[in-house]
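**Q** Kindly return the folded structure for what I paste below:
(one chain, ligands or ions: 1)
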Amino acid sequence: MSDRGPGYEQRLARERETFAGQVEVHGNLPPSAHHWSERHTRPKLEALGVPSIEELIVGEIAERAERLDRDVVVLSLGSGNGDQELGWLRTLAAAGQHNVRLRLLELNPDMQARAEASARELGVADRVELLTADFNTWRADTAHDVVVGYQALHHVLDLEHLYGQIRAGLDPSGVLVVHDMIGRNGHRRWPEALEVIDRIWATLPPRLRRNAMTGAVDEQFVDIDCAADGFEGIRAQDVLPVLLDHLHPSLFFPYGNVIDPFVDRIYGPGFDLAEPADVRLLDHLGTLDDTLVDLGVVSPTHLIGLFHPTEQPLRVHGSRTPERSVRDTSVVDPAGRVSFRPGGTTGDRLVRGAGVVTGRMNGVAHDDWAAPSVEFPLLTTAAVGALELRTFVPDDSADHGSVTIAVDGVPVAKADVGPGLREQVVPVAIDAHRQVRLSFDADWSITAGSGADRRTLAYILVGLRLLER
Ligand SMILES: C[S@@+](CC[C@H](N)C(=O)[O-])C[C@H]1O[C@@H](n2cnc3c(N)ncnc32)[C@H](O)[C@@H]1O
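**A** The predicted structure is shown next:
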């Protein structure tokens, strides 16, 4: 086993496998992504004096190439096929700047081979050094003037190590240019964003809910965990806060959140830019997204920025400061509410007794109908010995069965549910003052099926009381 924990070697192997055949890393983004970028991202970046991310990077290198009487050393982290990096060299050479040396730090030997072939083809192989290494263990062996993290930092497991090495190897007047993902781990939605997306989802026609990976129309938005096997988004939510512990920003442009599913490779392709209604919808979503980020209702999931070893004057977009852009991961809901289950008209809480629900009750709808899988975070206020479960399945429904109760994913009890109103006490032991994930998995489901109600349900969760041990 690696000292980086169980599964590290498997994840590395998976990561190599994922990228081995990727000749085009950014190639297949849907048109909706480009539209959003042009309408909602580029103008804000321009207002900060940055025409594009490429020009930002080339500008940082060019300024140093002009000023310094030696080679400027540029390091690109997770450089992939090196296409963009070689593009920077080409642009600089065209402007007469040849004193630039490029170092490509990349795990994948297949991608390095492609980068090497391209460098040779362009006649710049003597300016390019390939560092085939794992950035979780790589050590800075020379001083760098410009370090670039271009869609790479969200693949890093040991951010503390890598940022430490970058800082140690950065020239005092050096810069780290970041263009990366800073949302929740695995690129999942935080509950406050999921709540908004779920509501938008319910209004979308089937063609905009078509999942390009599976071909199916998803009745519910599927919040995939991209970090399940490789390193995709492995510590995305730490990319920004850990970076701020190591370096100081001078340009800070964070953006995007609830727009993400509509411009990604899964659901984004559903938008047809030849359809005025689709373009209008996309623009509404872009405006909503910007507003929610600006209000601080959701925290940004993308970042473009410049970072330095010492404190610098800071350019930011409006109120999107570094401090406001870090999602407080110690809470389930940054708005501070104990539970934000929609509905709850009686004022009674669904879960009572020796604990409180500290976040979204996934799978419980506004009318208390429960999906086959229900999951929510629970904080016990005293030692729990049993759960008193009150459920209802319509008397005329032939579908009912048993529900498996699990604590932190470990099944601990079973309850028989339905027909009609049932009240039962099942022994479930949880220590006092513990934050756990409680889940209920039904072994049957009912598809509402009629009219606008497209939900897959199992039973009505009438109430849940946590009984003290
Ligand atoms: C999303 S791609 C970005 C590639 C390139 N920067 C670009 O934007 O075209 C992420 C890159 O990080 C590389 N990578 C992933 N894990 C790595 C590791 N542990 N060490 C070095 N590179 C790694 C992958 O092989 C892949 O090329």
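
**Q** Quick check, pLDDT for the residue of the stretch 251-400 of the chain found nearest the ligand.
**A** Of all residues in the stretch 251-400 of the chain, residue 265 sits closest to the ligand, with a separation of 12.3 Å (Cβ to the nearest ligand atom). C-beta here means a position set from N, CA and C on the backbone, and glycine is covered the same way. In this model, residue 265 is scored at 94, pLDDT.

**Q** Over to residue 61?
**A** The predicted local confidence for residue 61 comes out at a pLDDT of 98.

**Q** And the one 5 residues further on, by the same measure?
**A** Residue 66 is assigned a predicted lDDT (pLDDT) of 97.

**Q** Near it, how many other residues are there?
**A** Here the number of neighbours of residue 66 (other Cβ atoms under 10 Å) works out to 12.

**Q** So it is in contact with residue 97, correct?
**A** Yes. Taking contacts as Cβ atoms under 8 Å, residue 66 lies within contact range of residue 97: 7.1 Å.

**Q** Can you give me the distance of residue 355 to residue 424?
**A** Using Cβ to Cβ, to the nearest Å, residue 355 is found at 18 Å from residue 424.

**Q** Comparing these two, which shows the higher neighbour count?
**A** residue 355 (25 against 13).

**Q** Give me the phi and psi for the more buried one.
**A** Torsion angles at residue 355 (phi, psi; degrees, to the nearest 10) stand at phi -180, psi 160.

**Q** residue contacts, residue 130?
**A** Residues counted as contacts of residue 130 (Cβ atoms under 8 Å, 6 or more residues apart in numbering) are 104, 106, 112, 115-116.

**Q** just the buried members of these?
**A** Among those, those buried by neighbour count (16 or more other Cβ atoms under 10 Å) are 104, 106, 112, 115.

**Q** Closest one of those to the ligand?
**A** Of all these, residue 106 has the smallest distance to the ligand: 5.1 Å, by Cβ to the nearest ligand atom.

**Q** isn't the closest one right next to residue 80, touching?
**A** Yes. Taking Cβ under 8 Å as the contact criterion, residue 106 and residue 80 are neighbours in contact, 6.5 Å apart.

**Q** Need the overlap of contacts for these two.
**A** Counting by Cβ under 8 Å, 6+ apart, the common neighbours of residue 106 and residue 80 are residue 115.

**Q** Please list which of the contacts of residue 130 are also close to the ligand.
**A** residue 106 (Cβ under 6 Å from any ligand atom).

**Q** which ones among the contacts of residue 130 are found in strands?
**A** When DSSP state E is applied, these are split such that 104, 106 fall in strands.

**Q** What is the most widely separated pair among the contacts of residue 130?
**A** Maximum pairwise distance in those, criterion Cβ to Cβ, is 10.6 Å, between 106 and 116.

**Q** ok so, going back, which of the contacts of residue 130 lies closest to residue 444?
**A** Of all those, residue 106 has the smallest distance to residue 444: 49.1 Å, by Cβ to Cβ.

**Q** Identify the residue spatially nearest to the closest one, adjacent ones excluded.
**A** Nearest residue to residue 106, sequence neighbours excluded (Cβ to Cβ, 6 or more residues apart in numbering): residue 79, at 4.8 Å.

**Q** Now the residue most central in space within the chain: closest residue in space that isn't a chain neighbour?
**A** When Cα atoms, centre = their mean is applied to the chain, the residue found nearest the centroid is residue 187 (2.1 Å). On the basis of Cβ to Cβ, 6+ apart, the spatially nearest residue to residue 187 that is not a chain neighbour turns out to be residue 233, at 4.3 Å.

**Q** ok, the one you found - contacts?
**A** For residue 233, the contacting residues are 154, 181, 183-188, 226-227, by Cβ under 8 Å, 6+ apart.

**Q** From the residues you listed, list just the buried residues.
**A** Among those, those scoring as buried are 154, 181, 183-188, 226-227 (criterion: 16+ other Cβ under 10 Å).

**Q** ok, so of these, who is nearest residue 125?
**A** Looking across these and measuring by Cβ to Cβ, the closest to residue 125 is residue 154, at 29.7 Å.

**Q** just checking, that closest one touches residue 181?
**A** Yes. Between residue 154 and residue 181 there is a contact at 4.2 Å, judged by Cβ under 8 Å.

**Q** Might you report the residue contacts of residue 38?
**A** Residues counted as contacts of residue 38 (Cβ under 8 Å, 6+ apart): none.

**Q** what's the answer for residue 288, then?
**A** Here residue 288 is in contact with 196, 258 (criterion: Cβ under 8 Å, 6+ apart).

**Q** That one: what secondary structure?
**A** The local conformation at residue 288, judged by DSSP: H, G, I helix; E, B strand; the rest coil, is helix.

**Q** picking that back up, quick one: secondary structure of the residue nearest to residue 106?
**A** Secondary structure assignment for residue 79 (three-state DSSP): coil.

**Q** which residues are there in the stretch 151-300 of the chain that come within reach of the ligand?
**A** Those residues of the stretch 151-300 of the chain that sit near the ligand, judged by Cβ under 6 Å from any ligand atom, are 151-152, 155, 231.

**Q** rerun at 8 Å
**A** When proximity is defined by Cβ under 8 Å from any ligand atom, the stretch 151-300 of the chain lies next to the ligand at 151-152, 154-157, 179, 230-232.

**Q** Restricted to buried residues, select those in PyMOL.
**A** For selection in PyMOL, the members of these meeting the burial criterion (16+ other Cβ under 10 Å) are listed in this command:
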select buried, resi 151+152+154+155+156+157+179+230+231+232
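
**Q** Tell me which of the residues of the stretch 151-300 of the chain next to the ligand fall in strands.
**A** Filtering these for membership in strands, criterion DSSP E, returns residue 179.

**Q** Return the residues in contact with residue 167.
**A** Neighbour list for residue 167: 246-247, 309 [criterion: Cβ under 8 Å, 6+ apart].

**Q** sorry, that was for residue 419
**A** 393-395, 397, 400.

**Q** name the helices or strands packed onto the strand or helix carrying residue 307?
**A** Under the assignment given by DSSP states H and E, the secondary-structure element containing residue 307 is strand 302-308. Applying 3 or more Cβ pairs under 8 Å, 6 or more residues apart in numbering; DSSP states H and E, we find strand 302-308 packed against helix 53-67, strand 170-181, helix 236-246, strand 248-255.
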